[in-house]
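Undergrad: What follows is a predicted protein model with its sequence.
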Amino acid sequence: MTPNDLLKDIEKYNFDYFVEEALQRVPVGIDTREGAIIYDALAPAAYSFAELAMSIHDVLIDTYTQTAQGEFLDYRAIERGLKRKPATFTQALARFTDQDGQPFQVEIGTRFSSIGTDPVYYSVTKQVDGGFIITAERAGNAPNRYIGQLLPVDNINGLGYAEITKIEIPAADAESDDALRERVLASNTFTEYGGNVADYRAMLATIPDVGAAQIYPTWNGGGTVRVVILNNEFLQPTQRLIDEVQELLDPTDAQGDGYGMAPIGHTVTVASPTAKTIELEIGIDTDADLTYVDLTPAVTEAINKYFDDQRRSIWPTVVNNRHYSLTIYRSQLMAAILQVPGVVNVSQLTLDKGTSDISLVFDNTKQEVPIVGGVDIHG
């Protein structure tokens, strides 16, 4: 009997099962209809037995890594030396000016908030070229989407205007059960040891601001390692994030000396992939009561989701344990567009003005990441 068979077997032990089993043992001639004294006396016990069976069912689910959820999955991860990635905090670049529009100096720790009905609060954490780094006080990726005016929490004499100009390091929500489960199961495949590829993947999994990474061993000779990263939005990282990861893995002032996470003798280069911006032209046929203009937002969203899925699931995945490969397929894009309610046909789809699929380049000198360029949708 498999675990799934056992689960299905337990599921039959519900209230009806136990009450029927009990009533069959009642002597003939006694009224066992619902509402009768004997039925009402047996029903609470049957209900309690059913609850116990469901508890056993839940315990069995949480026993195995493949089906465990929440904290029970966390326990399984700890057994493999892993833990769930926590939610992180958005870091943004902010600009402050006085009433004359000149740069304004604020103190570290000064608090600001976004505007709106559900404001995000920020604290100033560092002064940098071009402004200040402010960190969201709310964990998770929601603050990644806010760029614009800031309001001071306290009165600041001389402050004229404050705004977020750029998201420097986007945050991520806490790791999902599915993502953690995949890492736990993958840890059974390769041993993380001595600076092998699996070891670098394990190192990067502990850096919360890295969303995905590709590892290129001996990319520039023996002992060299190229680490190509994406941020938590699975897009190109800022130079600030690249520098932070570089310092964690192999500090630039002592490369190869083992003062970072990388082993002694490994010279690590952290880099951003090259953006492969793809222009799309799409012709769609729609339901009679809709036009292509009506469906343009939904079709664009479907395209962006397809590209996002490719970056999240395919881009960092090693093929045959040796190399990376990612192709933007026209057929898959058409399938994604056809899922949009109201689209009945995709009559035209070109990628960079061509009718061929686009394969990205992944080698020791160039690594690409797919980005949606212009999207021209017509009927």
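TA: Happy to help now that I have it.

Undergrad: Show me which positions of stretch 180-200 end up buried.
TA: By 16 or more other Cβ atoms under 10 Å, the buried positions in stretch 180-200 come out as Leu180, Arg181, Arg183, Val184, Ser187, Glu192, Gly195, Val197, Ala198, Asp199, Tyr200. Yep, even glycine has a C-beta here, placed from its N, CA and C like the rest.

Undergrad: What about those residues, which are in helices?
TA: Leu180, Arg181, Arg183, Val184, Val197, Ala198, Asp199, Tyr200 (DSSP state H).

Undergrad: between the buried residues of stretch 180-200, which is closest to Ser356?
TA: Comparing these against Ser356 with Cβ to Cβ places Val197 closest, at 31.4 Å.

Undergrad: Could you measure from the closest residue to that closest one other than its chain neighbours over to Tyr39?
TA: Setting aside the residues directly before and after it, Val197 is nearest to Ile215 in space (Cβ to Cβ, 6 or more residues apart in numbering), at 4.9 Å. Summarising the geometry, the distance separating Ile215 from Tyr39, computed by Cβ to Cβ, to the nearest Å, is 66 Å.

Undergrad: which of those two has more neighbours?
TA: The residue with more neighbours, out of Ile215 and Tyr39 and counting by other Cβ atoms under 10 Å, is Ile215; that gives 21 against 18.

Undergrad: Let's verify that one: helix, strand, or coil?
TA: Remark: Ile215 carries the secondary structure label strand [criterion: DSSP: H, G, I helix; E, B strand; the rest coil].

Undergrad: Just give the number of residues close to Ile273.
TA: That one is not Ile; residue 273 is Pro. Other residues within reach of Pro273 by the criterion other Cβ under 10 Å amount to 24.

Undergrad: Does it touch Thr365 like I think?
TA: No: shown here, Pro273 and Thr365 do not form a contact pair, counting by Cβ atoms under 8 Å, at 11.8 Å.

Undergrad: one step back: wait, the residue nearest to Val197 touches Tyr200, no?
TA: Yes: contact between Ile215 and Tyr200 holds when scored by Cβ under 8 Å: they sit 4.7 Å apart.

Undergrad: Common neighbours of those two, please.
TA: By Cβ atoms under 8 Å, 6 or more residues apart in numbering, Ile215 and Tyr200 have these common neighbours: Val225, Val227.

Undergrad: which helices and strands sit right next to the top helix by length along the chain?
TA: The helix that spans the most residues within the chain, counting by DSSP H, is helix 37-61. Other elements packing on helix 37-61 under the criterion 3 or more Cβ pairs under 8 Å, 6 or more residues apart in numbering; DSSP states H and E are helix 3-11, helix 15-23.

Undergrad: Relative to Thr327, which of those helices is closest?
TA: Taking Cβ to Cβ as the criterion, Thr327 comes closest to helix 3-11 out of the helices and strands packed on helix 37-61, the separation being 34.9 Å.

Undergrad: Now do the closest one: distance to the chain's middle.
TA: Averaging C-alpha positions (Cα atoms, centre = their mean, to the nearest Å) puts helix 3-11 32 Å from its chain's average.

Undergrad: Ok, stretch 21-33 next?
TA: Computed by Cα atoms, centre = their mean, the chain-centroid distance of stretch 21-33 equals 56 Å.

Undergrad: residues of it that come out buried?
TA: Buried residues in stretch 21-33, counting neighbours by 16+ other Cβ under 10 Å, are found at Ala22, Leu23, Thr32.

Undergrad: Out of those residues, which is nearest to Arg311?
TA: Each of these was checked against Arg311 using Cβ to Cβ; the closest is Ala22, at 57.3 Å.

Undergrad: contacting residues around that closest one?
TA: Taking Cβ under 8 Å, 6+ apart as the definition, contacts of Ala22 comprise Leu42, Ala45, Ala46.

Undergrad: Output the below-cut-off pLDDT ranges for the stretch 151-300 of the chain.
TA: Judged by pLDDT under 70, the stretch 151-300 of the chain has its weakly predicted residues at 188-190.

Undergrad: On the three-state scheme, Met203 is what?
TA: Local secondary structure at Met203 is given as helix here, using three-state DSSP.

Undergrad: and the gap between Asn144 and Ala92?
TA: Taking Cβ to Cβ as the measure, Asn144 and Ala92 are separated by 9 Å.

Undergrad: so what sits against both of these two?
TA: A shared contact of Asn144 and Ala92, defined by Cβ under 8 Å, 6+ apart, is any residue touching both; here these are Ile167.

Undergrad: Compare these two (neighbour count), which wins?
TA: Neighbours were counted for Asn144 and for Ala92 using other Cβ under 10 Å; Ala92 has more, 27 against 18.

Undergrad: from memory the more buried one sits against Gly130, does it?
TA: No: applying Cβ under 8 Å, one finds Ala92 not in contact with Gly130, separated by 12.0 Å.

Undergrad: pLDDT averaged over stretch 324-335, what's the number?
TA: Taken as a whole, stretch 324-335 carries a mean pLDDT of 96.

Undergrad: Any idea how far apart the tips of that stretch sit?
TA: With Cα to Cα, to the nearest Å as the measure, stretch 324-335 spans 24 Å from end to end.

Undergrad: next one: stretch 14-29
TA: The first and last residues of stretch 14-29 sit 26 Å apart, counting by Cα to Cα.

Undergrad: re the thing from before, most tightly surrounded among the helices and strands packed on helix 37-61?
TA: With neighbours taken as mean count of other Cβ atoms under 10 Å, the helices and strands packed on helix 37-61 reach their highest mean count in helix 15-23, at a mean of 16.

Undergrad: And stretch 348-363, how far out from the chain middle?
TA: In terms of Cα atoms, centre = their mean, the centre of stretch 348-363 is found 26 Å from the chain centre.

Undergrad: Quick one: end-to-end length of that stretch, please.
TA: Start-to-end, stretch 348-363 (Cα to Cα) is 32 Å.

Undergrad: contacts for it?
TA: 214, 276, 278-283, 323-330, 333-334, 337, 367-370.

Undergrad: I appreciate the help and will end here.
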